[in-house]
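Colleague: My questions concern the predicted model and sequence given below.
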Amino acid sequence: MWSVIKSVLAALIGVQNDRQRREDFSAKHPAAFIITFIIITLLFVLALWAVASYMAG
């Protein structure tokens, strides 16, 4: 699971190399990447919302 999280985070910030991307999608099921992406994105949006709410008062 850690490798999926690491791969999704690298892809989100644009630093994943082509070799790693090919390796990930040939060895693992795509649903794991999709679910992990959705969870990480939701956590990021919630963190931004929390910081904005805190700063707004």
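Modeller: All right, it came through fine.
Colleague: Contacts made by the worst-scoring helix or strand of the chain on mean pLDDT with the rest, please.
Modeller: Within the chain, confidence by mean pLDDT, DSSP states H and E is lowest for helix 18-27 among all helices and strands, at a mean of 81. The set of residues that contact helix 18-27 without belonging to it, under CB atoms under 8 Å, 6 or more residues apart in numbering, is 3, 4, 7, 10, 11, 33. Using the backbone N, CA and C atoms, a C-beta is placed for each residue, glycine as well.
Colleague: just checking, what packs against the longest helix anywhere in the chain?
Modeller: Longest helix of the chain, by residue count under DSSP state H: helix 30-56. If you count contacts as 3 or more CB pairs under 8 Å, 6 or more residues apart in numbering; DSSP states H and E, helix 30-56 packs onto helix 2-13.
Colleague: quick check: angle from the helix it packs on to helix 18-27?
Modeller: Inter-element angle recorded for helix 2-13 and helix 18-27: 130 degrees (by axes from the mean of the first three to the mean of the last three CA atoms, to 10 degrees).
Colleague: Helix 2-13 to helix 30-56, inter-axis angle?
Modeller: Per the same axes, to 10 degrees, the angle that helix 2-13 makes with helix 30-56 is 60 degrees.
Colleague: Give the buried residues for helix 2-13.
Modeller: Of the residues in helix 2-13, 4, 7, 8 count as buried by neighbour count, 16 or more other CB atoms under 10 Å.
Colleague: pretty sure residue 10 contacts residue 16?
Modeller: Yes: Residue 10 is in contact with residue 16 according to CB atoms under 8 Å; the separation is 3.9 Å.
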